[in-house]
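[1] Got a predicted model here, sequence first, then my questions.
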Amino acid sequence: MIKTFRGILADGAQDRIRLSTKKGKIGYQIVNLEIIGNKPGLSNPVESLIAIWKVEQTSTQTTIDFSDGNLLAVALWTMGETTYSHDLVIIFDNEVFNQDVYVTHVDIQGAEACNYMLKLETQTLTDNANAVSTLRDIRLNPQKHA
């Protein structure tokens, strides 16, 4: 089954997508991430960076580090004064998670808001897969479970 989440984030904002369950038997995998600025055709330059994280972020990131185990996906939507918009989306498709995820947005050029649509595929996790996912989450985020 596919679940869709959508929203709009101001510059520097973060959304929490509640996915966790008491038993953790439902796993999620990102199948699609699409973004678009809230004012297409705006004459000001826009560089919206949306990122999907396994843990809540204390600040919005303007740099991306693929070695960060908490990063699930990133998307960039740009538009200039004389150029049409274009975008780039990168999803780490082998990641299965069973906890809440966080969506962050930063406009690198200005302060515009950005829309996002996130599609997740659900899957039932075995007891072993549930344990692996939970232990991986604890190992990557010990402060979250302290």
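    Received, thanks.
[2] Quick check, central residue of this protein?
    Ile52 (1.6 Å; Cα atoms, centre = their mean).
[3] and that residue, that one's in a strand?
    Yes - under DSSP: H, G, I helix; E, B strand; the rest coil, Ile52 falls within a strand.
[4] Check whether it really touches Asp100, as I assumed.
    No - if you go by Cβ atoms under 8 Å, Ile52 and Asp100 don't touch, sitting 11.2 Å apart. From N, CA and C alone the C-beta is placed, and that goes for glycine too.
[5] Output the below-cut-off pLDDT ranges for the chain.
    43, 81-86, 128-146 (pLDDT under 70).
[6] Where do the strands of it begin and end?
    2-9, 14-17, 26-37, 46-53, 71-79, 86-91, 101-107, 114-124 (DSSP state E).
[7] For the longest one, name the packing helices and strands.
    With contacts defined as 3 or more Cβ pairs under 8 Å, 6 or more residues apart in numbering; DSSP states H and E, strand 26-37 has these neighbours: strand 46-53, strand 71-79, strand 86-91, strand 114-124, helix 127-140.
[8] Which one of these lies nearest to Val31?
    The closest of the helices and strands packed on strand 26-37 to Val31 is strand 114-124. By Cβ to Cβ, the value is 4.9 Å.
[9] what's the closest one packed up against?
    Under the contact definition 3+ Cβ pairs under 8 Å, 6+ apart, strand 114-124 sits against strand 2-9, strand 26-37, strand 46-53, strand 101-107.
[10] Report the separation between Val96 and Glu121.
    9 Å (Cβ to Cβ, to the nearest Å).
[11] can you check Val55 too?
    21 Å.
[12] One more: Tyr28?
    Taking Cβ to Cβ, one finds Tyr28 at 7 Å from Glu121.
[13] picking up where we left off before, dump the helices and strands packed on strand 114-124 into CSV; add distance to Leu88 as well.
    What follows is the helices and strands packed on strand 114-124, written out as CSV (distance: least, Cβ to Cβ, whole Å):
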stretch, distance to Leu88
strand 2-9, 18
strand 26-37, 10
strand 46-53, 10
strand 101-107, 15
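[14] So Gln61 sits against Val106, correct?
    Yes - taking Cβ under 8 Å as the definition, Gln61 is a contact partner of Val106 at 7.0 Å.
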